[in-house]
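S.K.: Build the 3D model from these lines:
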Amino acid sequence: MKNIFVTILVLLSITFLNLSSETLVYGNKSRNKIGKLKSSLPHAKFDEKNVVLRFAAISDTHIQWKDAIPTKKLESALNQLNTRANGKLDALLIAGDLTDYGIPDQVAELKRVIDNSKIDLAKTRFIFALGNHEYYNHQLQGALWNGGYLFKDVFGDDVYKGSTKEEIKAGNYHTVVKGYDFIAVYCAQYDGGVKYADSDIAWLKTQLAQAAINHPGKPIFVTSHPNITGTNIGSNEGAYWNGSDLYDVFKEYPQVIYFCGHLHFPEEDERSIWQGDFTTIGIGSTYYCSNHSKDDENGNTFIDIVNGFETADAQKTSQGLYVEVDENSNVKITRLDFTNKEEIKKPWLIPSPKADKSNLLYYTPVREAKTFGNTPPVFPDGASVKEVLKNAGYNQKYVFQFTQAKDKDMVYSYQVSFVDKQSGKIIKTISTLSDFYLHANTDEMDSVLTKTIYRADSVLAPFRLSYKNDYYIKVVAVNCFGKKSKPIFSNVVKGSREKVELIKLPVSSFKKEERIHERKNKITN
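M.R.: Below is the predicted model of the structure:
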């Protein structure tokens, strides 16, 4: 009987919206048939004077203990968000990994941070999805897993308002704020592949059907921790990070705007938003950012990656979203750089749901590539590349420097090749990230990048710091959509030929540098 009821609700909601199943939806190639790109779309409008809903959307706060870095970063983020809303945030949404290990003391610290902010949970609805880190205390220490009661026992009536005991235990939540539906659904499995329990999927289908009927023509905001395979950037990183269960549910609801976290990927990348059968948005972390670890063209791991998806400077970042809805249900999403206290690039504008699904044509992979990636990066006149330091001694430290290219959107990475002068053959190509993730806007990126490689003979093999022949360095800039610049070249570098000249430093200096480098590498998920 319950399944029949859910089916009826789904059919009614689709019929009510009068959504044509024949409408071509532009989306990810792995998901949707890619048709001819519509030449022009109506300008997405947003009524700044008639905003009816304001909420913060953040993720991966990873709260630990009082005065730890995650606490300080969250305090700053909440202050900036509340100020932006003039103290009138209607909701605070966190897309999982609120705590680092799911320990009650960490939940208490989260409550302390929110209580000490100017956000009043009696007036601001607190909506959150449980993440994999909430499960760690049970998974690693054997503590009792009690689902949403991990937070209910600490926050009391400030969380899961109106929910049943079963929903709280399951970590699921559906609430309505100013006539707009918010749904948080729990992901039960990460190890072995992202997987949702059948009971949670059934619950989600019921909630979506009810939301579509009760509030037609309005977006439905859904959050869960992992990415949905084949959607926004980061959604193809592997089974631990993304899954397909939610796609099969959301494809019937083009009004869904899905917020996820888990990967900490930076908001500067326009691929953080995706539209196909619905809309997905990957939220950057307030704690630290991660980056896609490999060059998709050549398979190289970016030399900047020191642990998993993290760079040595990952903790210099803190990001999140500020979301507004106007009286016509158009949505404006402002990306925020909490570290630099700036807006990131231009806001995303999502029109209210339309019967012809035209609201889903603004941020498709095809349109984004046409809008942001249709021209290659260009190096400025006088751009150069040069070696700064080559130490073939104890730590094999190699430092090189080059002028950054410019792009219509932003330069994502560089391919750096070491080329034998005599034969013209490439000895080795490495890939390195630009500094885009450290800056809210591309004009703030450093004009010159300096890259340091430790244990260079291993990283650069078969090229070595003692390479005997003359060689030169070639640098090519790559944007987010794979467009490549014309190369720039260094002057010819003389090979070592007969003998390697070492830059002599005291052994203590080498050890000190190694210790500093090792400390930088100790960034954990």
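S.K.: separation between the closest residue to Thr311 other than its chain neighbours and Lys294?
M.R.: Take Thr311 and drop its neighbours on the chain: the residue closest to it by C-beta to C-beta, 6 or more residues apart in numbering is Asp304, 4.5 Å away. (Glycine included, C-beta is placed from N, CA and C.) Computed as C-beta to C-beta, to the nearest Å, the Asp304 to Lys294 distance reads 12 Å.
S.K.: So which of those two has more stuff around it?
M.R.: For the pair Asp304 and Lys294, the greater number of neighbours falls to Asp304 (22 against 15), based on other C-beta atoms under 10 Å.
S.K.: got the contact list for that one?
M.R.: Residues near Asp304 by C-beta atoms under 8 Å, 6 or more residues apart in numbering: Asn291, Thr311, Ala312, Thr432, Leu433, Lys451.
S.K.: and with 10 Å instead?
M.R.: Residues touching Asp304, when contacts are defined by C-beta atoms under 10 Å, 6 or more residues apart in numbering, comprise 291, 293, 310-314, 413, 431-435, 437, 451-453.
S.K.: in the stretch 51-200 of the chain, which spans are strands?
M.R.: In the stretch 51-200 of the chain, the strands defined using DSSP state E, counting those that start in this stretch lie at 51-58, 91-94, 125-128, 173-177, 180-184.
S.K.: Now for Asp304 and Lys294: what residues contact both?
M.R.: Both Asp304 and Lys294 are contacted by Ser431, under the criterion C-beta under 10 Å, 6+ apart.
S.K.: doesn't Leu263 make contact with Val194?
M.R.: No: contact between Val194 and Leu263 fails when scored by C-beta atoms under 10 Å: they sit 11.8 Å apart.
S.K.: and Asp115, how many residues sit next to it?
M.R.: Asp115: 12 neighbours (other C-beta under 10 Å).
S.K.: With adjacent residues omitted, what lies nearest to the spatially most central residue of the chain?
M.R.: The residue lying closest to the centre of the chain (C-alpha atoms, centre = their mean) is Phe265, at 2.7 Å. Spatial nearest neighbour of Phe265, chain neighbours left out: Gly234 (4.5 Å); criterion: C-beta to C-beta, 6+ apart.
S.K.: pretty sure that neighbour is in a strand, no?
M.R.: No: in this structure, Gly234 is coil, not part of a strand, as judged by DSSP: H, G, I helix; E, B strand; the rest coil.
S.K.: Over to it: give its phi and psi.
M.R.: Main-chain torsions, Gly234, degrees, to the nearest 10: phi 100, psi -10.
S.K.: contacting residues for it?
M.R.: Counting by C-beta under 10 Å, 6+ apart, Gly234 makes contact with 226-227, 241-242, 260-265, 269, 271-272, 282, 290-292, 309.
S.K.: Asp67 - how many residues pack around it?
M.R.: 9.
S.K.: Could you do Asp198 as well?
M.R.: Close neighbours of Asp198, defined as other C-beta under 10 Å, add up to 10.
S.K.: show me what contacts it?
M.R.: Each residue near Asp198 by C-beta under 10 Å, 6+ apart is listed here: Ala188, Asp245.
S.K.: so His215 sits right up against Gln255, yeah?
M.R.: Yes: judged on C-beta under 10 Å, His215 makes contact with Gln255 at a distance of 9.0 Å.
S.K.: the more surrounded of those two?
M.R.: Gln255 (28 against 16).
S.K.: what pLDDT does the more buried one get?
M.R.: For Gln255, the model assigns a pLDDT of 98.
S.K.: any idea how far it lies from Ala211?
M.R.: Distance from Gln255 to Ala211, counting by C-beta to C-beta: 9 Å.
S.K.: Over to Gly156?
M.R.: As judged by C-beta to C-beta, Gly156 and Ala211 stand 26 Å apart.
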